[in-house]
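**Q** Pasting the sequence and the predicted model now:
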Amino acid sequence: MCDLSKFVHLLEPSANAIKTLEGSTINCADVFYCWVAIAYQQESVFELTLRPDNE
């Protein structure tokens, strides 16, 4: 169950970005900002996943 939770946390930013980018007034800067936010969130999830439990 823990692995499923991590998987959901990994994909959640992408799902939110897709909903955000469905507007009619979206420009390239908005798309870039969403991609940066997705990358940052995924990096955070990977960092937490790879960290040893004793730290």
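**A** Cool, got the structure. Numbers count the residues shown, from 1 in each chain.

**Q** what residue ranges in the protein score low on pLDDT?
**A** For the chain, the stretches with pLDDT under 70 are 1-2, 53-55.

**Q** Tell me the spacing between Val36 and Asp30.
**A** Separation of Val36 from Asp30 (CB to CB, to the nearest Å) stands at 11 Å. (Glycine included, C-beta is placed from N, CA and C.)

**Q** likewise Val45?
**A** To Asp30, Val45 is 23 Å away according to CB to CB.

**Q** the more surrounded of the two?
**A** Between Val45 and Asp30, counted using other CB atoms under 10 Å, the more crowded position is Val45 (18 against 14).

**Q** element containing the more buried one?
**A** Assigned by DSSP states H and E, Val45 falls within helix 28-50.

**Q** Could you check how far Pro13 is from Gln42?
**A** On the measure of CB to CB, Pro13 and Gln42 end up 7 Å apart.

**Q** Could you tell me which residues within stretch 30-50 count as buried?
**A** Neighbour-count burial for stretch 30-50 flags Cys34, Ile38, Gln41, Val45 (criterion: 16 or more other CB atoms under 10 Å).

**Q** surely the third one meets Ala15?
**A** The reference is to Gln41. No. Applying CB atoms under 8 Å, one finds Gln41 not in contact with Ala15, separated by 11.2 Å.
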